[in-house]
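Q: Based on what follows, work out the 3D shape:
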Amino acid sequence: MTFKYQIAITLISLLSFACCSELDFDGWLHVRLFHSLDDAPEPNFIERGNITISSIRSGAAITAQSAISESQLQKLMSLAKNNGMYRLKATVTTSSNSETNFLTSVLACNLLGSGLEDYVHIWLDSSAEPIAVNLIATGPCTLDEPMTKQWSTDVQVKYPDGGPVPDTATYIQKLEKEKLARESGEVKDNRSFFAKYWMYIVPALIFFVLSSATNPEAAAAGGGGGGGQRQ
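A: So this is what the prediction gives:
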């Protein structure tokens, strides 16, 4: 295999990797949080706050939550004394306008032990649709009143097995949904130039590289002419 063919194969591999990285449409998520501070069989959910993820690629999240009121804190402490579960409902809205509710819970005493600091993990499938929401509180189990009444929530966007798995059929369906949404003005297409036109750029570059590699005589002639002009 000649050096030029090796360059061509390397270029094709790099372009293929870039295509796969750029193809994912960068959507957003909006999450409304509701919590239940009792241990009734049918939970009474009240609003706790909301999370806005403007880019699912970066996972950057903005969380808006009011401090827990004194009455709510007393209910949480009573729940902890009874070894009850703190229940959270997350209503997730995506850039394709789908809305899904998820339920998750932790021991109330662990939430007190963490000082109202918790973690919300939002799991997405290969088409960036939410499939689960997990609430985690890493504090020890305690019945003591926390030092603060302000929630501190760390939000993370996660994929099964550490990353998104390519799924051609699902991805095509997702593209169709996003195309319809963009045409109706609901979603702005913020993809890069390469992500929009890669199907035209890649074949042209591959053709150019392979054409150069299969015409060494022309390349040599061009090089000789250039050398003569430098006298």
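Q: how about the helices of this protein, start to end?
A: 3-23, 70-81, 108-113, 168-183, 193-213, 216-229 (DSSP state H).
Q: ok, the nearest residue to residue 121 once chain neighbours are set aside - contacts?
A: Take residue 121 and drop its neighbours on the chain: the residue closest to it by Cβ to Cβ, 6 or more residues apart in numbering is residue 134, 4.4 Å away. The way it works is simple: take the backbone N, C-alpha and C, and place the C-beta from them, glycine included. Going by Cβ atoms under 8 Å, 6 or more residues apart in numbering, residue 134 touches 104, 119, 120, 121, 123.
Q: What's the separation between the spatially closest residue to residue 27 that is not a sequence neighbour and residue 40?
A: Nearest non-adjacent residue to residue 27, counting by Cβ to Cβ, 6+ apart: residue 95, 3.5 Å away. From residue 95 over to residue 40 the distance is 35 Å, taken as Cβ to Cβ, to the nearest Å.
Q: Between these two, which is the more surrounded one?
A: Comparing residue 95 with residue 40 by other Cβ atoms under 10 Å, the one with more neighbours is residue 95, at 20 against 9.
Q: surely that one meets residue 53?
A: No. Contact criterion Cβ atoms under 8 Å: residue 95 and residue 53 do not qualify, at 10.0 Å.
Q: Between these two, which contacts overlap?
A: Common neighbours of residue 95 and residue 53 (Cβ under 8 Å, 6+ apart) are 28, 29.
Q: Extract the residue ranges of the chain that are flagged as low pLDDT.
A: Residues of the chain that meet the criterion pLDDT under 70 lie in 1-25, 162-179, 181-182, 184-199, 213-231.
Q: The closest residue to residue 146 other than its chain neighbours and residue 83, how far apart?
A: Once flanking residues are discounted, residue 146 sits nearest to residue 115: 4.6 Å by Cβ to Cβ, 6+ apart. Distance, residue 115 to residue 83, by Cβ to Cβ: 19 Å.
Q: Of these two, give the one with the bigger neighbour count.
A: Set residue 115 next to residue 83 and count neighbours by other Cβ under 10 Å: residue 115 wins out with 17 against 11.
Q: give the contact list for that one.
A: Residues in contact with residue 115, defined by Cβ under 8 Å, 6+ apart, are 139, 146, 147, 148, 152.
Q: and which of the residues you listed is nearest residue 32?
A: Within the contacts of residue 115, the smallest distance to residue 32 is 18.5 Å, found for residue 152 (Cβ to Cβ).
Q: Count the residues that sit near that closest one.
A: Residue 152 - counted by other Cβ under 10 Å - has 13 other residues nearby.
Q: Looks like it contacts residue 119 (just checking).
A: No. If you go by Cβ under 8 Å, residue 152 and residue 119 don't touch, sitting 9.8 Å apart.
Q: picking up where we left off before, mind telling me the two of the contacts of residue 115 farthest from one another?
A: Maximum distance among the contacts of residue 115 (Cβ to Cβ): 12.6 Å, for 139 and 148.
Q: ok, those two, which is more surrounded?
A: Legend: neighbour count by other Cβ under 10 Å for residue 139 and residue 148, higher for residue 139 (18 against 12).
Q: Verify the contact between that one and residue 113 for me.
A: Yes. Here residue 139 lies in contact with residue 113, judged by Cβ under 8 Å, at a distance of 3.1 Å.
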